[in-house]
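Student: Test case, fold it:
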Amino acid sequence: RSARALSLIDLPPHLLVAAVRGLEANRSVRALAVESRAVQVTDGVAACLAEALERHGRLEELELRLADTLLGDEGGEAIAGAVSTCAGLTSLTLDLGGTGVTDIFGKALALAIAEQGTLQDIAVDVSSTS
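Tutor: Numbering: from 1, shown residues only. Here you go, the predicted structure:
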């Protein structure tokens, strides 16, 4: 029996990318939580994560806790784009405080949420932690 929920906490970037790419092979996963407290997530890692989310397409819950990482608008926009493609997504939590995301990301996320259509619970934190 396949897992319905997957939590990835503090994986080195190469393992995080490999794990999320594995989502395509395990379409039974409905909830994904990624937390990075000690690992620096970059725009490139975020783009790989976004691509995997788009290919999986069946998530109902997505929680990305990437505060205080090297994430910027490019990676943020990739994540926002992936959110818009997850047709069954009902719950979204993004903790991006202390990253380099700006209003550019905010606009992309607002558009993605408007296009997405099934979200019921949304929590987004982009506050500064410094």
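Student: What distance do you get for the residue nearest to Cys48 when sequence neighbours are not counted to Leu49?
Tutor: Excluding its sequence neighbours, the residue lying closest to Cys48 (C-beta to C-beta, 6 or more residues apart in numbering) is Val17, at 4.5 Å. For glycine as for every other residue, the C-beta is placed from the backbone atoms N, C-alpha and C. Applying C-beta to C-beta, to the nearest Å, the value for Val17 to Leu49 is 7 Å.
Student: Which of these two has more residues huddled nearby?
Tutor: Using other C-beta atoms under 10 Å as the criterion, Val17 and Leu49 rank with Leu49 on top: 26 against 18.
Student: neighbouring contacts of the helix or strand harbouring Leu62?
Tutor: In the assignment (DSSP states H and E), Leu62 maps to strand 61-65. Contacts with strand 61-65, where a contact means C-beta atoms under 8 Å, 6 or more residues apart in numbering, come from 5, 30-37, 49, 53, 79, 83, 86, 89-96.
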